[in-house]
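Chemist: Sharing a sequence plus its predicted fold:
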Amino acid sequence: MAKEMIIVKNVSINKSTREVFDFLKETKNQDRFSVWNMKDPKMKKSYSGIDGTTGFIYSWDSKDKNVGAGSQEITNINEGNRIDFEMRFIRPMQNTATASFVLDKIDENTTSVTWTFKSPTKFPMSLFTPILKNILGKQLEQGLQQAFDEYQFYSKKIEECDKRISEVLKALTKDKEEPQAKPTKKRIYHNPPQVDDLDKMMMQLFDGKDLTILPGMTSYSLLKLYAQVGNKWGSFNGEKGVTAWAGLAPSKYQSGKTRKYKKIKVNTTVGQILKECVQPLLKSKNNALGAFGRRIAARRGPSVAIKAMARKLLCWIYRIMTKGLQFVENGIEQYHKRQEEKTLKWLEQQAAKLNLKLSPV
């Protein structure tokens, strides 16, 4: 009898490979087409990590015996081509399986999607492999067809939203002056809005200032930021006020043995937008903000580092919008040089306490 059950199903979708890939790699989108997810809409769900990236974990817990409990982790992403998952089932029986989406480009507007499911089977369950394969195969096929139908539906809705966004932006920038400088062109990697002249209109809305020169910022992130803040940066009480409002300032204040907690009104959506902007910079070797984040991550962990990076980015935005300061990327070498100078100064102070003096070797 088979020691591994393998099910392979395929469907063609009338969309570009990039569009289909961006939709499928976000695990939360499976709520729209997964047969098992739709069996129990009320099941408990939890998430860990950033959706659409390696290491993201989705866990579920359902009272429906056909759904059970378990988790699914993104184990590998081959950009634009393949997404691999590991599925760990807890109920109704413990098991570990793997699944994958493989995309093949048929033409510019057609993509072939192959959904593969692999699961080890032990005796006596291996006796039922043909039956299970038939049942699961039909469910996978149904899920793929559902994915196709849902994707067509949501694609149409997204097109309508993009059209409406374009109309609103044109109305907002109608009486705005043309930017003196050309906007910086930055690629938008995920779900870019189909809006003509978006870069130029963002500069107009932000008073002619090109905030995309900041690391991690694109015209799409500025669009989301403008929807939350508008252009009323002067209404905040300094950098501390704006970072606290965005939920990027510490809410705990400690002095000696005294700890105080301060409740403030926050807009965590702004904080989340900026966190998503800076998160990829942790792996970047070409800017000071990424180096700053890696230094904090080594001591406090990535989540603290991302929050600190988002806070620094928001401070830069606030300075440019309120004081007209031009931001110039310092570069990784200058950042390291400053850090070495600080370290050397600290060593000299420690040596002086011991009546010692540092000398070059």
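Modeler: Yep, it's here. No experiment lies behind these values; they were computed from the predicted model shown. Numbers count the residues shown, from 1 in each chain.

Chemist: quick one: contacts of the longest strand anywhere in the chain?
Modeler: Taking DSSP state E as the assignment, the strand of the chain that covers the most residues is strand 95-107. With C-beta atoms under 8 Å, 6 or more residues apart in numbering as the test, strand 95-107 has contacts from 12, 17, 20-21, 24-25, 72, 75, 80-89, 111-120. Backbone N, C-alpha and C define where each C-beta goes, glycine included.

Chemist: Mind listing what's buried along that strand?
Modeler: Ala97, Thr98, Ala99, Ser100, Phe101, Val102, Leu103 (16 or more other C-beta atoms under 10 Å).

Chemist: Please apply the same query to stretch 300-313.
Modeler: Residues of stretch 300-313 classed as buried by neighbour count (16+ other C-beta under 10 Å): Ala305, Ile306, Lys307, Ala308, Met309, Ala310, Arg311, Lys312, Leu313.

Chemist: which residues touch the second one?
Modeler: If you count contacts by C-beta under 8 Å, 6+ apart, Ile306 has them with Lys275, Val278, Gln279, Leu282, Gly293.

Chemist: Check the offset of the helix or strand containing it from the chain's centre.
Modeler: Using DSSP states H and E, Ile306 falls within helix 302-323. The gap between the average C-alpha position of helix 302-323 and the chain average comes to 17 Å, counting by C-alpha atoms, centre = their mean, to the nearest Å.

Chemist: Tabulate the CA atom coordinates of that helix in PDB.
Modeler: Provided in PDB are the C-alpha atoms of helix 302-323 (Å, rounded to 0.1, in the frame of the first residue of the first chain):
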ATOM      1  CA  PRO A 302      13.000  41.800  15.500                       C
ATOM      2  CA  SER A 303       9.600  43.000  16.700                       C
ATOM      3  CA  VAL A 304      11.100  45.700  18.900                       C
ATOM      4  CA  ALA A 305      13.500  46.700  16.100                       C
ATOM      5  CA  ILE A 306      10.700  47.100  13.600                       C
ATOM      6  CA  LYS A 307       8.800  49.300  15.900                       C
ATOM      7  CA  ALA A 308      11.900  51.400  16.600                       C
ATOM      8  CA  MET A 309      12.600  51.700  12.800                       C
ATOM      9  CA  ALA A 310       8.900  52.700  12.200                       C
ATOM     10  CA  ARG A 311       9.200  55.400  14.900                       C
ATOM     11  CA  LYS A 312      12.400  56.800  13.300                       C
ATOM     12  CA  LEU A 313      10.800  56.800   9.900                       C
ATOM     13  CA  LEU A 314       7.700  58.700  11.200                       C
ATOM     14  CA  CYS A 315      10.000  61.300  12.800                       C
ATOM     15  CA  TRP A 316      11.700  61.900   9.500                       C
ATOM     16  CA  ILE A 317       8.400  62.300   7.800                       C
ATOM     17  CA  TYR A 318       7.300  64.700  10.500                       C
ATOM     18  CA  ARG A 319      10.500  66.800  10.200                       C
ATOM     19  CA  ILE A 320      10.200  67.000   6.400                       C
ATOM     20  CA  MET A 321       6.500  68.000   6.500                       C
ATOM     21  CA  THR A 322       6.800  70.600   9.300                       C
ATOM     22  CA  LYS A 323      10.300  71.900   9.100                       C
END
